[in-house]
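Chemist: The sequence and its predicted three-dimensional model are supplied below.
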Amino acid sequence: MGRVLAADDHPGARAPSYLLRIEVGGGREVEASIERGSYDREALVGRHVVVALEGDEATIVAAHSHAAGRVLLVPERDVDPGTIVS
């Protein structure tokens, strides 16, 4: 699990996107992107997200809905960044 610390425009993306800075526990931060149309920038900051980590690469885990676009998976209760999802 991670907590979004910042959401900024992602200037190098093919589609309009935000580049998220995410705390993933142990003082470690990673970056991942999300399409801009799915969420408001202000609504992303502070939000918990499921993050798949592979080395230094981070991917936000989400459901892809034809009707709603990308839908973030969220925990039922607050958890600490770095909590393992199993």
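Modeler: In hand now; what should we look at?
Chemist: the strands in the protein, which residues?
Modeler: 2-9, 17-23, 29-35, 48-49, 51-54, 57-60, 62-65, 69-72 (DSSP state E).
Chemist: ok, and for the longest one, which residues are buried?
Modeler: Pointing back at strand 2-9 there. Gly2, Arg3, Val4, Ala7 (16 or more other C-beta atoms under 10 Å). Every residue, glycine included, has its C-beta placed from N, CA and C.
Chemist: Please apply the same query to stretch 57-77.
Modeler: So for stretch 57-77, counting by 16+ other C-beta under 10 Å, buried means Ala58, Ile60, Ala62, Leu72.
Chemist: of the residues you listed, closest to Leu20?
Modeler: Closest approach between those and Leu20, by C-beta to C-beta: Ile60, at 7.2 Å.
Chemist: which residues pair with the residue nearest to the closest one when sequence neighbours are not counted across the strands?
Modeler: In space, and not counting its chain neighbours, Ile60 is closest to Ala32: 4.8 Å by C-beta to C-beta, 6 or more residues apart in numbering. Note on Ala32: beta-bridge partners Leu20, judged by DSSP bridges.
Chemist: State the distance from Ala32 to Arg77.
Modeler: Ala32 is 23 Å from Arg77, where distance means C-beta to C-beta, to the nearest Å.
Chemist: can you put the buried residues of stretch 57-77 in CSV and add pLDDT and distance to Val51?
Modeler: Shown next, in CSV, are the buried residues of stretch 57-77 (pLDDT from 0 to 100; distance: C-beta to C-beta, whole Å):
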residue, pLDDT, distance to Val51
Ala58, 92, 5
Ile60, 92, 6
Ala62, 90, 11
Leu72, 89, 11
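Chemist: between these, which is nearest Tyr18?
Modeler: The closest of the buried residues of stretch 57-77, once distances to Tyr18 are taken by C-beta to C-beta, is Ile60, at 10.5 Å.
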